[in-house]
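Student: The sequence and its predicted three-dimensional model are supplied below.
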Amino acid sequence: MRCRKAQEYISRSVDGELDPRRAARLERHLAKCGDCRALAADLEKIVGGAAELGAPEPSERVWRNIRAGIVTATLRPTAEGASLDRRPLFGLSLPAMRYAGAAALALILVVSGFVVGSRMGRQEVRVGPEDREAYTLAKLDEAERYYEQAIRSLGEAFATQKGTLPPQVVELFDRNLSVVDATI
């Protein structure tokens, strides 16, 4: 066992939370390691000393404030400037929780709309073995139409900017577009 693991076991042993199997492993390590043995002795002394300490008794002022809080059903801070600001969840105030909830709801609505919208345009097509070739050809034709439309749109967008671009960029774009078009 390494010292790091032994230190964890020492802490659990002092708290009375170590099972017998691990306790035996710890004892074997402590027999070999003086540093861990010293740590275990120190922790046992600290825990023993803390057990001998009496429970602190609240002052009369604290008891008066508790009684007053019970009677008026409100707690008052005992220190000047102390705040009883309640933070319901994750340390956030109630207005912040409302904003976080509204943001979470908006996010859920946007994501659901995207998922539903992306599925609405699709049609589930079941293709038998005899129709696979026809289906594939139909999908290729559809892809070609989309490609041609994209090329036209890109050409139109480029044509509107042709006068403002350097001639080298225009030439490069025309050449690359024709290569891509010929390849497809």
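Tutor: Yep, it's here. Numbers count the residues shown, from 1 in each chain.

Student: so where do the helices sit in the chain?
Tutor: The residue ranges that make up the helices of the chain, judged by DSSP state H, are 3-14, 20-32, 34-52, 60-72, 94-120, 132-161, 167-183.

Student: Adding mean neighbour count and mean pLDDT, write those helices out as a markdown table.
Tutor: Yep, even glycine has a C-beta here, placed from its N, CA and C like the rest. Compiled in a markdown table, the helices of the chain are given as follows (neighbours: other Cβ atoms under 10 Å; pLDDT from 0 to 100):
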| stretch | mean neighbour count | mean pLDDT |
| --- | --- | --- |
| helix 3-14 | 17 | 88 |
| helix 20-32 | 14 | 92 |
| helix 34-52 | 12 | 85 |
| helix 60-72 | 11 | 78 |
| helix 94-120 | 10 | 74 |
| helix 132-161 | 11 | 76 |
| helix 167-183 | 11 | 69 |
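
Student: how is this protein carved up into domains?
Tutor: Residue ranges of the domains in the chain are recorded as 3-52, 129-183, according to automatic domain parsing.

Student: Looking at those, which is nearest to residue 60?
Tutor: Between residue 60 and those, the shortest separation by Cβ to Cβ is 25.6 Å, and it involves domain 3-52.

Student: for the closest one, the distance to its chain's centre please.
Tutor: Here domain 3-52 is found 36 Å from its chain centre; the criterion is Cα atoms, centre = their mean, to the nearest Å.

Student: Can you give me the end-to-end span of it?
Tutor: Between the opening and closing residues of domain 3-52 we find a distance of 29 Å, counting by Cα to Cα, to the nearest Å.

Student: Number the residues from 536 up from this point.
Tutor: Renumbered: residue one is now 536, and that last one reads domain 538-587.

Student: re the thing from before, and the domains of the chain: which comes nearest residue 636?
Tutor: That would be domain 538-587 among the domains of the chain, by Cβ to Cβ, at 39.0 Å.

Student: still on that earlier bit, need the domains of the chain in TSV (columns: distance to residue 601).
Tutor: Supplementary listing: the domains of the chain in TSV, determined by distance: least, Cβ to Cβ, whole Å:
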stretch	distance to residue 601
domain 538-587	26
domain 664-718	75
